[in-house]
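**Q** no letters, just coordinates:
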């Protein structure tokens with residue numbers, strides 16, 4: 001199973017916000033620190049806001065914060081939500097697979113996908129930033145967020 005770039009970035013944004021102290025990073029700060037385009041980061045932040053995991057404040061003194069729900073969110077639940085309910089393989093697409101009515105592989109792949117998600121269910125965002133990851137995340141930006149958009 002491979003995560004989409006969107007889900008990967010969403011998890012990294014949540015992890016980075018989980019170690020941000022009182023200094024509130026902006027979406028531009030997060031994009032620069034993660035070395036990804038601002039537009040992608042803005043879309044991810046908007047989705048995380050919609051899910052109630054991130055709060056964004058505008059203006060002077062504004063920035064991004066992780067909500068309590070964001071800190072305790074199940075990684076498995078997040079990945080399920082962000083990846084969607086699609087199958088690992090496309091059996092019913094524009095050119096349907098001729099084996100789809102008698103295929104054992106489709107069910108096996110669906111069970112494997114669910115096992116993948118289930119293995120992530122016990123982990124929370126807070127768990128992801130426990131040592132040694134949290135200190136490394138802080139080191140990425142020199143220990144604090146910069147309003148200039150980088151370390």
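**A** That came through fine. Just so it is clear, the model here is predicted, and its values are computed rather than measured. Residues are numbered from 1 along each chain as shown.
**Q** which residues are in contact with the lowest-mean-pLDDT helix or strand in the chain?
**A** Of all helical and strand segments in the chain, the minimum by mean pLDDT, DSSP states H and E falls on helix 133-140, at a mean of 79. For helix 133-140, contacts defined as C-beta atoms under 8 Å, 6 or more residues apart in numbering pick out 15-16, 18-19, 33, 129, 151. Bear in mind the C-beta positions are built from the backbone N, C-alpha and C, glycine included.
**Q** buried among those residues? Make that a PyMOL selection.
**A** Selection of buried members from the contacts of helix 133-140 for PyMOL, criterion 16 or more other C-beta atoms under 10 Å:
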select buried, resi 15+16+18+19+33+129
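**Q** nearest to residue 68 among the contacts of helix 133-140?
**A** residue 18 (11.4 Å; C-beta to C-beta).
**Q** okay, now residue 36: neighbour count?
**A** Residue 36 has 17 neighbouring residues, counting by other C-beta atoms under 10 Å.
**Q** quick one: residues contacting the closest residue to it other than its chain neighbours.
**A** Using C-beta to C-beta, 6 or more residues apart in numbering and skipping residues adjacent in sequence, the residue nearest residue 36 is residue 9, 6.0 Å away. Counting by C-beta under 8 Å, 6+ apart, residue 9 touches 34, 36, 40-41, 44.
**Q** helices and strands around the helix or strand that contains residue 116, which ones?
**A** In the assignment (DSSP states H and E), residue 116 maps to helix 105-120. In terms of contacts (3 or more C-beta pairs under 8 Å, 6 or more residues apart in numbering; DSSP states H and E), helix 105-120 is packed against helix 75-83.
**Q** mind listing what's buried along the helix it packs on?
**A** For helix 75-83, by 16+ other C-beta under 10 Å, it's 75-76, 78-83.
**Q** now that helix against helix 105-120, angle please.
**A** Angular relation of helix 75-83 and helix 105-120 on a 0 to 180 degree scale: 130 degrees, by axes from the mean of the first three to the mean of the last three C-alpha atoms, to 10 degrees.
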